[in-house]
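Participant: Please find the sequence and the predicted model below.
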Amino acid sequence: MRYRLSVVLLMMAFSTCLVAQGNIHERSSHYEWPEDTAVVRKLKSWQDQKFGVLIHWGLYAVPGIVESWSICDEDWITRDTTRTYQQYKDWYWGLADSFRPTQFDPWQWAQVASEAGMRYMIFTSKHHDGFCLWDSRQTDFTVARRAFADDGRRDILRHVLAAFRSHDFLAGIYFSKPDWHSQYYWWDVYPTKGRNVNYSVEKYPWRWQQFQRYTYNQIEELMTDYGPVDLLWLDGGWVCPQNRGQDIDMPRIAAMARSHQPGLLMVDRTIHGPYENYQTPERTVPEQQLTFPWESCIPLSDDWGWVPRPRWKSAQRVVNTLIEVVAKGGNLVLGVGPTAEGVLQPEVVERLQEMGRWLKAYGEAIYATTTTPHYHDGDLWFTASKDGRRMYALLALPEGQELPATLTWKTNVPRKGSAIRLVGSKRKVRWSLRDDGSVEVLLPKGLPAESLALTFEPS
Ligand code: GLC
């Protein structure tokens, strides 16, 4: 009996990890609400922000290639065929000698993101390639000790956080649990096959302990030397105890981190449990409204980092995604990648500013709103004020379409005799109840062909 139970438990643990390992887009309804009241408070305030920016920056910006992954030998990754794998890796590590972002200006990034209506930020302190964008004392593989060492701004993370905090952003740090540069993770004695640790943790416990210590110490630096941090976004869900014993002792890390940063949100991606304070569907929006905290992460182009000739999403498309995400109860964090010189390209700035203009007019229907049981009707999405006194109907106008002359919806009927207004301009619109009980709104003529929001008192 006991044996059977432990087999079942083992299988359960393993399947959680397979989810984490195999398909990081997978979501599950398993969510554990935090008990720590400071964390709960932070979580609620984070949920109110709705829109954030996720900045990927690192060595990969120099050639403009996929972030870190090209040094991993998995099948889906294409690499140039003129070099051996080892030559390729050496070339990649060598990029640390060219990453010299002389035009690095986080104040401009923060200014633009703030104008875009973004309210929180997450910055890659270290991606899977292990290159640190802060002055870590645990390794020399940091921007502060390589090509940028003689620059006053070399401790990049410090300046990024300061700039965004000055615009009242919640501060988030992205940190990759796997570290492909560390000899404690990818040990040169063995070939590297895939994304995982490349030696047997069981056979070399000392080496793995060194990795645990390395990770702990790095996170401790981030939690103690860089001012207030609101969330720690831990990527690389395949690093978990059930997968080849890759246990970095998250309970100990979390306790340390929160002793320095009370109320810190831990986002141990895809590891459902006490350290995944919100879920992070990647490049997708969940099918349905979810009742626990979550955030879709979606890049503005097809890539997280800067690449030459990107394919951009339009501002309207991102606005529409934001509308859908918020009506379903989530947040949206939009990915952008500065160039290796440290600049946000004009195409990024333009799109962010356009979103900002929209949010300036219609943000009341987005920020600090809550969900409503009936939240979707065609291109219309619904949100509500937290006190329940106002409802919002948001039209996510499909790209390339003109505004319709009328909008109709069922359920979410306004109180009899009350006004429906355009959010922003406060302009009243004409509306009536049809015989079948649905609402019909006449949109004023001359409105720009863009998404919009209406507000009314629910009945
Ligand atoms: C995935 C990718 C990683 C990227 C992240 C952003 O986890 O592995 O490269 O940074 O998504 O959401």
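Facilitator: On my side now, so go ahead. Numbering: from 1, shown residues only.
Participant: Break the chain into its domains for me.
Facilitator: 11-365, 372-456 (automatic domain parsing).
Participant: which stretch among these comes nearest the ligand?
Facilitator: domain 11-365 (4.4 Å; Cβ to the nearest ligand atom). All C-beta spots, glycine's among them, are computed from the backbone N, C-alpha and C.
Participant: Please identify the residues of the stretch 251-400 of the chain in proximity to the ligand?
Facilitator: Within the stretch 251-400 of the chain, the residues that sit near the ligand (Cβ under 6 Å from any ligand atom) are 282, 297, 304.
Participant: just to revisit the earlier point, just send the domains of the chain back as TSV, with mean pLDDT and mean neighbour count too.
Facilitator: Below are these laid out as TSV (pLDDT from 0 to 100; neighbours: other Cβ atoms under 10 Å):
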stretch	mean pLDDT	mean neighbour count
domain 11-365	95	19
domain 372-456	97	15
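Participant: Same question for residue 399, what's its three-state structure.
Facilitator: coil (DSSP: H, G, I helix; E, B strand; the rest coil).
Participant: Who are the contact partners of residue 197?
Facilitator: 178, 185, 186, 208, 211, 239, 244, 246 (Cβ atoms under 8 Å, 6 or more residues apart in numbering).
Participant: Could you rerun that using 6 Å?
Facilitator: 185, 246 (Cβ atoms under 6 Å, 6 or more residues apart in numbering).
Participant: which SS state does the residue lying closest to residue 369 once chain neighbours are set aside fall under?
Facilitator: Excluding its sequence neighbours, the residue lying closest to residue 369 (Cβ to Cβ, 6 or more residues apart in numbering) is residue 383, at 4.0 Å. Look at residue 383: counting by three-state DSSP, its state is strand.
Participant: rewinding a little: tell me which of the residues of the stretch 251-400 of the chain next to the ligand fall in strands.
Facilitator: residue 297 (DSSP state E).
Participant: Let me know the closest of the residues of the stretch 251-400 of the chain next to the ligand to residue 91.
Facilitator: Nearest to residue 91, judged by Cβ to Cβ, of those is residue 304 at 20.8 Å.
Participant: if I read this right, the residue nearest to residue 369 contacts residue 390, doesn't it?
Facilitator: No - counting by Cβ atoms under 6 Å, residue 383 sits too far from residue 390 to count as a contact (9.3 Å).
Participant: Give me the contact list for stretch 247-261.
Facilitator: Taking Cβ under 6 Å, 6+ apart as the rule, stretch 247-261 contacts 212, 215-216, 219-220, 223-224, 229, 241, 264, 266, 268, 275.
Participant: Likewise for stretch 129-144?
Facilitator: Against stretch 129-144 from outside (Cβ under 6 Å, 6+ apart): 58-59, 68, 125-126, 154-157, 179-182, 214, 217-218, 221.
Participant: List the beta-bridge partners for residue 170.
Facilitator: For residue 170, the beta-bridge partners under DSSP bridges are residue 120.
Participant: pretty sure it contacts residue 120?
Facilitator: Yes - if you go by Cβ under 6 Å, residue 170 and residue 120 touch, sitting 3.7 Å apart.
Participant: who touches residue 194 in this structure?
Facilitator: Per Cβ under 6 Å, 6+ apart, neighbours of residue 194: residue 74.
Participant: Would you agree it falls within a helix?
Facilitator: No - counting by three-state DSSP, residue 194 falls outside a helix, being coil.
Participant: Against residue 218, how distant is it?
Facilitator: According to Cβ to Cβ, to the nearest Å, residue 194 and residue 218 sit 23 Å apart.
Participant: which residues sit against stretch 384-392?
Facilitator: Residues outside stretch 384-392 that contact it (Cβ under 6 Å, 6+ apart) are 365, 370, 372, 383, 412, 453, 455, 456, 458.
Participant: Would you mind measuring the gap between the ends of that stretch?
Facilitator: Length of stretch 384-392, first residue to last, Cα to Cα, to the nearest Å: 6 Å.
Participant: likewise stretch 114-128?
Facilitator: 28 Å.
Participant: host element of residue 360?
Facilitator: Here residue 360 sits within helix 346-362, counting by DSSP states H and E.
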